[in-house]
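Asks: sequence unknown, structure follows:
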Ligand SMILES: Nc1ncnc2c1ncn2[C@@H]1O[C@H](COP(=O)(O)OP(=O)(O)OP(=O)(O)O)[C@@H](O)[C@H]1O
């Protein structure tokens with residue numbers, strides 16, 4: 001469990017993280033989304049004690065990172081895959097980490113196997129491809145078998161197989177009851193990986209909700225209806241406070257209400273339906289609506 005309360009980080013007059021309060025739960029993959037410069041990496045650095053908050057607290061398992069006895073056994077993180085001594089082999093890097101954190105040396109072989117680097121563990125870190133470096137960073141995060149895992153852009157540089165592998169790994173870590181917090185700009189991937197989403201913009205919380213709720217909240221998520229009584233049903237739905245658009249002679253599109261409610265209202269009014277279905281927005285569409293006002297570094301139109 002990670003708990004943030006009023007977490008704030010100021011760099012000069014720049015508010016990188018602005019009063020964030022949220023709890024990240026075990027057994028869940030929480031996707032961390034936000035435009036460039038929104039404050040995602042800063043938030044992760046604050047949780048890991050790599051930066052001091054200007055105000056508020058970040059707790060891991062109820063205590064600040066600095067007070068954890070064996071930090072790597074409680075929380076594992078991949079922030080910057082290139083932050084490894086380039087002249088050291090991947091295995092030597094992990095052995096050093098294990099030694100300084102009181103972790104059994106056999107874990108090194110296990111995590112190298114898990115991330116598919118066993119065959120390349122003797123290579124100097126500086127010669128690894130970006131994708132292999134990501135795998136080494138993930139191996140380091142897993143080393144202490146921690147309950148909490150944080151990954152900043154873990155699929156960056158991975159090929160499609162690697163991306164799929166990371167997705168499976170995140171799902172299985174959460175399936176084991178761990179807290180998994182992962183940032184990404186790849187919305188289609190997040191839609192497949194995350195159960196829950198935290199969205200920030202300009203350091204502030206925009207959404208903290210289940211993935212399904214974020215998608216349902218998009219204006220592009222709608223209920224599509226085909227009925228020979230389109231006028232009567234449109235009146236009925238509008239009277240119930242539901243926005244309705246006429247798509248064709250027998251077709252309506254209702255937004256802002258779940259399909260069950262639309263179906264129930266039609267039933268109560270005795271209106272026959274020939275088709276009733278939900279059109280779901282993609283996460284990408286929902287995300288764009290949520291963050292439209294928070295994008296700082298966008299290309300001009
Ligand atoms: N050490 C620092 N000194 C000054 N400003 C910083 C520092 N670290 C981050 N910032 C600023 O804080 C803001 C948030 O940056 P951060 O890297 O946390 O965003 P992010 O959401 O991770 O972005 P991206 O998606 O581009 O990685 C940015 O405006 C950034 O320039």
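Replies: Received the coordinates, thanks. Note that this is a predicted model, so its numbers are computed, not measured.
Asks: what pairs with residue 251 across the strands?
Replies: Beta bridges link residue 251 to residue 226, residue 248, judged by DSSP bridges.
Asks: OK, contacts around it?
Replies: The contact partners of residue 251, taken as Cβ atoms under 8 Å, 6 or more residues apart in numbering, are 224, 225, 226, 230. Every C-beta, even on glycine, is put in place using the N, C-alpha and C of the backbone.
Asks: Neighbours of the first one, how many?
Replies: What it means is residue 224. Burial of residue 224 is recorded as 16 neighbouring residues (other Cβ atoms under 10 Å).
Asks: So it belongs to a strand, correct?
Replies: Yes. Counting by DSSP: H, G, I helix; E, B strand; the rest coil, residue 224 falls inside a strand.
Asks: Report the next helix or strand after the helix or strand residue 262 falls within in sequence order.
Replies: Here residue 262, judged by DSSP states H and E, is contained in helix 259-268. Downstream of helix 259-268, the next assigned helix or strand under DSSP H and E is strand 275-279.
Asks: Which positions in that next one come out as buried?
Replies: Buried residues in strand 275-279, counted by 16 or more other Cβ atoms under 10 Å: residue 276.
Asks: Strand partners (parallel or antiparallel) of that strand?
Replies: For strand 275-279, the paired strands and their directions (DSSP bridges) are strand 222-226 (antiparallel).
Asks: Residue numbers of the protein in contact with the ligand?
Replies: Residues of the chain lying near the ligand by Cβ under 6 Å from any ligand atom: 11, 14, 16, 34, 36, 37, 38, 39, 40, 41, 42.
Asks: if you look at those residues, which of them are in helices?
Replies: Members of the residues of the chain next to the ligand lying in helices (criterion: DSSP state H): 40, 41, 42.
Asks: Neighbour-wise, give me the winner out of the residues you listed.
Replies: Top of these by neighbour count (other Cβ under 10 Å): residue 40, with 25 neighbours.
Asks: Which of the contacts of residue 251 has the largest number of neighbours?
Replies: residue 225 (26 neighbours).
Asks: That residue: what's its closest spatial neighbour, skipping adjacent residues?
Replies: residue 252 (4.5 Å; Cβ to Cβ, 6 or more residues apart in numbering).
Asks: Could you tell me how far the longest helix along the chain lies from the centre of the chain?
Replies: Longest helix in the chain by number of residues (criterion: DSSP H): helix 160-175. Put simply, helix 160-175 sits 13 Å off its chain's centre (Cα atoms, centre = their mean, to the nearest Å).
Asks: What strands line up against the host helix or strand of residue 7, and which way round?
Replies: Using DSSP H and E, residue 7 falls within strand 2-11. Using DSSP bridges, the strands paired with strand 2-11 are strand 14-24 (antiparallel), strand 55-60 (antiparallel).
Asks: got TSV for those strands, with mean pLDDT too?
Replies: Formatted as TSV, those follow (pLDDT from 0 to 100):
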stretch	mean pLDDT
strand 14-24	96
strand 55-60	96
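Asks: With mean neighbour count added, can I get those in a markdown table?
Replies: Formatted as a markdown table, the strands paired with strand 2-11 follow (neighbours: other Cβ atoms under 10 Å):
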| stretch | mean neighbour count |
| --- | --- |
| strand 14-24 | 18 |
| strand 55-60 | 18 |
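Asks: Now render the ones you listed as JSON lines, adding distance to residue 119.
Replies: Supplementary listing: the strands paired with strand 2-11 in JSON lines, determined by distance: least, Cβ to Cβ, whole Å:
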{"stretch": "strand 14-24", "distance to residue 119": "34"}
{"stretch": "strand 55-60", "distance to residue 119": "33"}
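Asks: Domain ranges for the protein, per the record?
Replies: 2-210, 222-279 (automatic domain parsing).
Asks: for those, which one ends up most surrounded?
Replies: Among the domains of the chain, ranked by average contacts under mean count of other Cβ atoms under 10 Å, first place goes to domain 2-210 (a mean of 18).
Asks: Rounded mean pLDDT for the strand holding residue 7, please.
Replies: The average pLDDT within strand 2-11 is 97.
Asks: Tell me how far that strand lies from the chain's centre.
Replies: 18 Å.
Asks: Contacts for that strand next, please.
Replies: The contact list for strand 2-11 (Cβ under 8 Å, 6+ apart) reads 15-24, 39, 42-43, 46-47, 51, 53-60, 62, 148, 150, 179, 181, 203.
Asks: Repeat that for stretch 92-102.
Replies: With contact meaning Cβ under 8 Å, 6+ apart, stretch 92-102 is reached by 70-73, 84-85, 88, 103-105, 107-108, 111-112, 121, 125, 136, 139-140, 143-144.
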